[in-house]
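Asker: Below are the sequence and a predicted model; questions follow.
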Amino acid sequence: MWRLRRAAVACEVCQSLVKHSSGIKGSLPLQKLHLVSRSIYHSRHPTLKLQRPQLRTSFQQFSSLTNLPLRKPKLSPIKYGYQPRRNFWPARLAARLLKLRYLILGSAVGGGYTAKKTFDQWKDLIPDLSDYKWIVPDIVWEIDEYIDFEKIRKALPNSEDLAKLTPDFDKIVESISLLKDFFTTGHKLVSEVIGASDLLLLLGSPGETAFRATDHGSESDKHYKKGLLGELILLQQQIQEHEDEARRAAGQYSTSYAQQKRKVSDKEKIDQLQEELLHTQLKYQRILERLEKENKELRKLVLQKDDKGIHHRKLKKSLIDMYSEVLDVLSDYDASYNTQDHLPRVVVVGDQSAGKTSVLEMIAQARIFPRGSGEMMTRSPVKVTLSEGPHHVALFKDSSREFDLTKEEDLAALRHEIELRMRKNVKEGCTVSPETISLNVKGPGLQRMVLVDLPGVINTVTSGMAPDTKETIFSISKAYMQNPNAIILCIQDGSVDAERSIVTDLVSQMDPHGRRTIFVLTKVDLAEKNVASPSRIQQIIEGKLFPMKALGYFAVVTGKGNSSESIEAIKEYEEEFFQNSKLLKTSMLKAHQVTTRNLSLAVSDCFWKMVRESVEQQADSFKATRFNLETEWKNNYPRLRELDRNELFEKAKNEILDEVISLSQVTPKHWEEILQQSLWERVSTHVIENIYLPAAQTMNSGTFNTTVDIKLKQWTDKQLPNKAVEVAWETLQEEFSRFMTEPKGKEHDDIFDKLKEAVKEESIKRHKWNDFAEDSLRVIQHNALEDRSISDKQQWDAAIYFMEEALQARLQDTENAIENMIGPDWKKRWLYWQNRSQEQCVHNETKNELEKMLKCNEEHPAYLASDEITTVRKNLESRGVEVDPSLIKDTWHQVYRRHFLKTALNHCNLCRRGFYYYQRHFVDSELECNDVVLFWRIQRMLAITANTLRQQLTNTEVRRLEKNVKEVLEDFAEDGEKKVKLLTGKRVQLAEDLKKVREIQEKLDAFIEALHQEK
């Protein structure tokens, strides 16, 4: 009984627990019941046996902060026996809640410790960046000196102010509906106010137009604009307030219009709202420009610090400079675009005086081009590379001079230099030239791009122009525009009738779909005044008037037409015009379609997009070209090194200098021999004809010596020194030419022959003998000719030998002259079948008659008397030969010269034994050898003169000639046209092409790598 009663009580307790258990649905499993209840026999579990509770050791509790197991809960001991009937579950619940706080406390302590340990481990893994502090520019650490962050923080709106900025869209929609019911123009106004897309474009937000007016400048520019976030938020707040005022005014107007009539008409109210909106846009446009100006100054400061080398690192070339170098090399490689140059650039085309140059100057922010009123100023393409830099400067590709564009005198000098280069490029008989002038313009805030200003398209060739000027301009423009990746900036004059435009038809032919054309309408201020229908301007900007298509349309004002206006003045005038223009007030033009600033942003964006899309394809094409050229070289010149024109010139230069040095290795004996021989050949005729023959006609030795001394003195004072210098200079030229032109065997390369010949001629042309050489020679020669004393027999014999050689040479010349005069003798006539002419027969008869006269008088003087001439003529006439007195005199001259030279040679043989009599001054002797003394004096003078000239050559003139050769080579090295003219041939051209293609490919690869890094 007792056991049954206890079991019943236990079952009631179990049922009570089951009924009052919260959060458990369904029946409680048997294992959850009390131990006593499980020990009793239940009808549903007849096989259940009494078993002790098992501890669940496999189950552990974990904290959410750590993986460490918590402390195991202790189980209270179970007492077996009688349990009184009472509700004890609240006590058990309280006990479990008290245990829970210990669990929470333990989890917090363990989790905190584990979190701290994990944080310390993570902190140790972070590298020490203190060594790389130099990477961050100093301006970042000093930026608080330039920007007041406290002021910006105070200016930032709080959450309540931001909530106020949120517009009530329900009211806006309701106002729009009301305005739509009353008038359509009011609805258009509210739509413009709500959209405010033009205003957001002015602030740099994205729009739905073809070109987003965003500034893709440098990264420093973007960081700086983030620093100006406070001021931009204030601008947005003020813009929102104006929009709210416009909405409220439009709503009040629409509701009150239904209640009562207003005094002001609807149109005036709408115009007022539009004008307020335009004023707001222009106001914040000026604020934005002021912020950009401050940004520009900050970037300029950063660039200046980098320029001074504060961070001690090498500055890299800018991306646009690398791209410009590629275009320069490509232009030098092939200016006629035969290599299919498809690299992008901005090509500026337009009618003459349409304002092309002015638009470029506004983009470059400087008046850099020559100016003229109505005449053609752009006579050759000008490539302008715009890039960012600390100073506003310009420089040419082939010059190191920088023009400061902030100074008017440098601007004037730059314009003058451009004009001179254009005139130099234009060949004689032409008006324009296809040769490109490369100019780099750097400055803070400039958009990075490459522009090419082309000559203006003309319709009629005027006086003073070449007949083919129009066709040449068209061919130059087409050559640049046919590049499928070139961006065409089509400039149209808005002040003239659109039907008079020529360039639009040309552009539509080159780009019929308008995928790479940007249309610019200039002189909009004049167009607004002169055009009767303003909607015509709207049609032009919308692309509905011209047949050509374009990516974008812009309207700009480039000044009042005064060439002395500054860029700042033109900007102010442009801003003032569009602020008051009806074209904007009546929404004919959008805000993003006006001003040259928006134009430059759009062109730069399109330019870089085109570059990124096409540059890798162009690099692949040049790789293929390089492979073809290298294969051609290996097939044609397998054993020759690839030397381009400059390398070949350096090789030829070294060879020429080596040959000049060889002149100094010529022996003195060789110099003196060739000088003495050349000088005697030059003066021998004068000595024989003008000195020796006249003196020999005298009757005694005293008169002979006097005549010789007088004539030698005159000759020495006037002619001999000059003749000697001429002989020396000609001898130097001959030796120099011999060394330059003689073949060098297998090592000789005929590719240098033209260059060596040109260097030789130019060096000889520049060389001039020392002016003091003649004066020193005159003194030396005069002293040598005054000496008459022959010291020994050897000198006497040398003088006789020299005299015999001279007389024998003259005698041979005389015999040849007589033979030519009288014709062939009987031997030649019989052996070679030659005959005499009639004139030769007359000369022969005259010669025979004169020889008879000489046989009668062997000491006959050198001249015939008139009666002797008459006698000879009558004797010839008696034999039937008609002669002229002049013919008798000419024949006598040769006959007497032969007679005299033979007599002198006989006398020379007699004087071989006359040295003894000479020492005794020919006392007690009938032999006189004064002519031998004369030739000894001449011979000695020649030897001394040759020695003096040799010293001048080796000590002075050879070195001067070597200096002249070096100067000529340096001049030729700087003259590219001269090298192209003198070093020619297939081998040279192939090496040049290989060098250029390799250089283009390397520069393109470097540019592509830098372009990918910038992305």
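Answerer: Yep, it's here.
Asker: Okay, helices next: where are they in the stretch 751-900 of the chain?
Answerer: 753-766, 773-786, 793-822, 826-832, 838-856, 866-878, 885-910 (DSSP state H, counting those that start in this stretch).
Asker: and these, which one's lowest on average pLDDT?
Answerer: With a mean of 79, helix 826-832 has the lowest mean pLDDT of the helices of the stretch 751-900 of the chain.
Asker: Can you tell me what sits against stretch 758-765?
Answerer: Outside stretch 758-765, the residues that touch it by CB atoms under 8 Å, 6 or more residues apart in numbering are 656, 733, 736-737, 740, 961, 964-965, 968-969, 972, 978, 982. The C-beta positions use only the backbone N, C-alpha and C, and glycine is treated the same way.
Asker: What of stretch 389-405?
Answerer: Stretch 389-405 has contacts (CB under 8 Å, 6+ apart) with 300, 303-304, 306-307, 328, 365-366, 368, 406, 410-411, 413-414, 417, 421, 437-444, 446.
Asker: Pull out the buried members of the residues you listed.
Answerer: Buried members of the contacts of stretch 389-405, scored by 16 or more other CB atoms under 10 Å, are 300, 303, 328, 365-366, 368, 410-411, 414, 417, 421, 437-444, 446.
Asker: out of those, which are inside strands?
Answerer: 437, 438, 439, 440, 441, 442 (DSSP state E).
Asker: Can you point out the buried residues in stretch 814-824?
Answerer: 814, 818, 821, 822, 823, 824.
Asker: which residues touch the third one?
Answerer: Same thing as residue 821. Contacts of residue 821 (CB under 8 Å, 6+ apart): 840, 843, 847, 890, 891, 894.
Asker: who's in contact with the closest residue in space to the first one that isn't next to it in sequence?
Answerer: Yep, that's residue 840 we're talking about. Of all residues not flanking residue 840 in the chain, residue 823 sits nearest, at 3.5 Å (CB to CB, 6 or more residues apart in numbering). Residue 823 sits next to 834, 835, 836, 837, 840, 841, 843, 844 when contact means CB under 8 Å, 6+ apart.
Asker: so the third one makes contact with residue 824?
Answerer: Yes. Using CB atoms under 8 Å, residue 836 is in contact with residue 824, at 6.8 Å.
Asker: just the helices in the stretch 451-600 of the chain please.
Answerer: Applying DSSP H, counting those that start in this stretch to the stretch 451-600 of the chain gives helices spanning 469-481, 503-510, 524-530, 535-541, 567-580, 582-585, 596-636.
Asker: Tell me, please, where in the stretch 351-500 of the chain the pLDDT is lower than the cut-off.
Answerer: Filtered on pLDDT under 70, the stretch 351-500 of the chain yields the residue ranges 372-375, 498.
Asker: Which parts of it are strands?
Answerer: Per DSSP state E, counting those that start in this stretch, the stretch 351-500 of the chain carries strands over the ranges 382-387, 393-396, 403-404, 437-442, 449-453, 487-493.
Asker: strand partners of the first one, parallel vs antiparallel please.
Answerer: Sheet pairing for strand 382-387, assigned by DSSP bridges, gives strand 437-442 (parallel), strand 449-453 (antiparallel).
Asker: what residues does stretch 359-371 touch?
Answerer: Residues from elsewhere that reach stretch 359-371, judged by CB under 8 Å, 6+ apart: 348, 357, 377-378, 382, 384, 386, 392, 394, 405, 411, 414-416, 418-419, 422, 439, 441, 443, 445-447, 451, 453, 489, 491, 520, 522, 556, 558, 563, 566-567, 570-571, 596, 599-600, 603.
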